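1. sequence first, predicted model second:
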Amino acid sequence: MFSSLRYIAHAAKSKKAKKIALLILLFAIAFLIVGIAKNGALNAILDWRSSILPIALAFLLVHSNILDHRTTRKAIEFFCLLTILNSMLAIYQYSSFDGNAESSWRYNFLIDARQNNESNTEERFVNYQIVRDDKLRASGIFVSALQYSYIAAMAAFYLFLKLFLEQRKKLLMRAIYTAAFMVLSAGIVVSQVRASLMILAICIAAFFFFVKRTKRSIVFDIKKSAFLIVSSYALILFVLFFYGGNALDSSAAGRAPQYLKAISEFTIVGAGLGKYRGQFDSYFVYGTMTFGIAFFMIPFVYSRLFSSAFRPAPRLPEYEIIIIFAFGISISAAIISLFQHLSGSVYYYMTWILLVISANLVRRKSDQAIEVNYLNNRLPRP
């Protein structure tokens with residue numbers, strides 16, 4: 001990582017994008033130093049690895065030319081295959097569950113993990129991660145049903161795009177992709193993670209309503225996307241605060257006090273990395289409590305990347321699917337982060353990587369198109 005940082009620092013003299021990457025990494029290191037000073041090295045480093053490193057790593061890998069849209073697409077397709085196999089296992093686990101949480105291989109693992117993180121572990125919290133309404137929250141080989149379901153939702157959306165964008169005329173491939181999509185969807189259902197169902201639904205809706213594909217370009221409706229995100233925040237907070245436990249189950253209703261805590265105990269400088277590691281359900285609550293006002297740098301960078309990545313761009317088949325995939329995932333992550341703590345998940349890593357890759361790709365392709373147009377206008381006509 002630091003070798004790549006040195007490379008970026010050297011390249012920053014001539015590339016504006018490199019300067020942005022360098023600045024992000026310097027802020028990431030600054031957050032870590034402050035966290036270590038306030039809360040000790042171990043807690044700060046573990047928290048930094050989950051919440052800040054994925055952001056810095058996305059810029060680092062892309063602007064160091066380690067990752068591009070081709071390698072990312074190959075990696076996504078490989079993970080899709082693994083996730084399909086894991087979903088089959090999850091479906092089997094769900095159908096063969098005997099109703100006893102302790103019979104799950106995850107039970108002792110989660111007990112040990114929580115005891116290592118918190119001294120006041122309650123068994124009911126572990127049971128809830130395994131069983132919901134007397135039914136297994138299936139996850140295959142994953143310890144966390146949340147982590148598995150996030151990946152399954154991403155994989156399902158990717159196969160959905162493959163089905164609609166690349167395999168429309170091939171009957172056999174359509175049948176295979178449809179079957180794989182159904183397996184992944186069933187895996188999400190048996191995981192009993194509602195947030196993942198929302199991720200898939202938001203991504204598909206974004207594709208149908210906010211993406212316009214012409215013969216020469218892809219146009220994303222940024223204004224409608226922003227409206228969806230803001231209105232979703234307003235609706236979620238309205239339901240939490242005005243209906244609370246009367247309209248929601250204990251899991252959802254338990255989030256309302258966390259928002260109140262974030263408001264009442266907010267400080268400008270925050271408590272620093274390591275103080276609230278893994279203690280909140282909402283990424284926004286965790287961020288404001290940990291970083292204070294500096295947390296809003298993250299949504300700012302996110303929004304700038306979003307507007308850069310999804311401006312009108314030349315339509316090229318080789319990167320069309322990856323940029324539309326990034327668009328759907330970015331919108332869903334922005335909404336889900338209000339009530340889910342995404343830090344450390346593959347979904348969180350991939351969201352930032354996809355955003356940075358898309359922004360970098362669209363910028364390069366747009367610059368090339370401008371240069372071609374300029375040269376065409378300069379050349380004499382026959």
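-> Structure received.
2. a helix runs through residue 347, doesn't it?
-> Yes - Residue 347: assigned to a helix according to DSSP: H, G, I helix; E, B strand; the rest coil.
3. give me the neighbour count for it.
-> 23 (other CB atoms under 10 Å). Placement of C-beta: from N, CA and C, glycine included.
4. residue contacts, it?
-> 147, 150, 151, 153, 154, 199, 329, 333 (CB atoms under 8 Å, 6 or more residues apart in numbering).
5. if I look at it, how far off is residue 218?
-> Distance, residue 347 to residue 218, by CB to CB, to the nearest Å: 23 Å.
6. what of residue 80?
-> From residue 80 over to residue 218 (counting by CB to CB), the distance is 22 Å.
7. so how far is stretch 127-134 off the chain centroid?
-> How far stretch 127-134 lies from its chain's middle: 24 Å, per CA atoms, centre = their mean, to the nearest Å.
8. sort out which residues of it are buried, please.
-> Neighbour counts over stretch 127-134 (16 or more other CB atoms under 10 Å) mark 127, 129, 130, 131, 132 as buried.
9. thought residue 241 was touching residue 258?
-> No - the pair residue 241 / residue 258 is not scored as a contact, 11.7 Å apart, by CB atoms under 8 Å.
10. more neighbours: which of these two?
-> For residue 241 and residue 258, the more surrounded residue by other CB under 10 Å is residue 258, and the numbers stand at 19 against 11.
11. now that one. Nearest residue, chain neighbours left out?
-> residue 285 (4.9 Å; CB to CB, 6 or more residues apart in numbering).
12. could you say which helix or strand holds the one you found?
-> helix 283-291 (DSSP states H and E).
13. okay, that helix in CSV with CA atoms only?
-> Once non-C-alpha atoms are left out, helix 283-291 reads as follows in CSV (Å, rounded to 0.1, in the frame of the first residue of the first chain):
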residue,chain,number,x,y,z
TYR,A,283,-23.4,3.8,9.0
PHE,A,284,-24.4,7.5,9.4
VAL,A,285,-24.8,7.2,13.1
TYR,A,286,-21.5,5.5,13.4
GLY,A,287,-19.8,8.0,11.2
THR,A,288,-21.0,11.1,13.0
MET,A,289,-20.3,9.7,16.4
THR,A,290,-16.8,8.6,15.3
PHE,A,291,-15.6,11.5,13.1
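14. the following helix or strand past it - what's its average pLDDT?
-> As assigned by DSSP H and E, the chain's next helix or strand after helix 283-291 is helix 297-309. Helix 297-309 carries an average pLDDT of 91.
15. immediately after helix 297-309, which helix or strand?
-> By DSSP H and E, the next helix or strand past helix 297-309 is strand 313-314.
16. which residues of the chain score low on pLDDT?
-> The model of the chain has pLDDT under 70 over residues 1-19, 21, 113-126, 167-169, 243-254, 365-382.
17. pick out the most distant pair among the contacts of residue 347.
-> Pairwise distances across the contacts of residue 347 peak at 15.5 Å for 147 and 329 (criterion: CB to CB).
18. looking at these two, which one has more neighbours?
-> Using other CB under 10 Å as the criterion, residue 147 and residue 329 rank with residue 329 on top: 25 against 17.
19. which secondary structure element is home to that one?
-> Applying DSSP H and E, one finds residue 329 within helix 317-336.
20. for that helix, name the packing helices and strands.
-> helix 69-95, helix 145-165, helix 194-210, strand 211-213, strand 217-220, helix 222-242, helix 297-309, helix 346-378 (3 or more CB pairs under 8 Å, 6 or more residues apart in numbering; DSSP states H and E).
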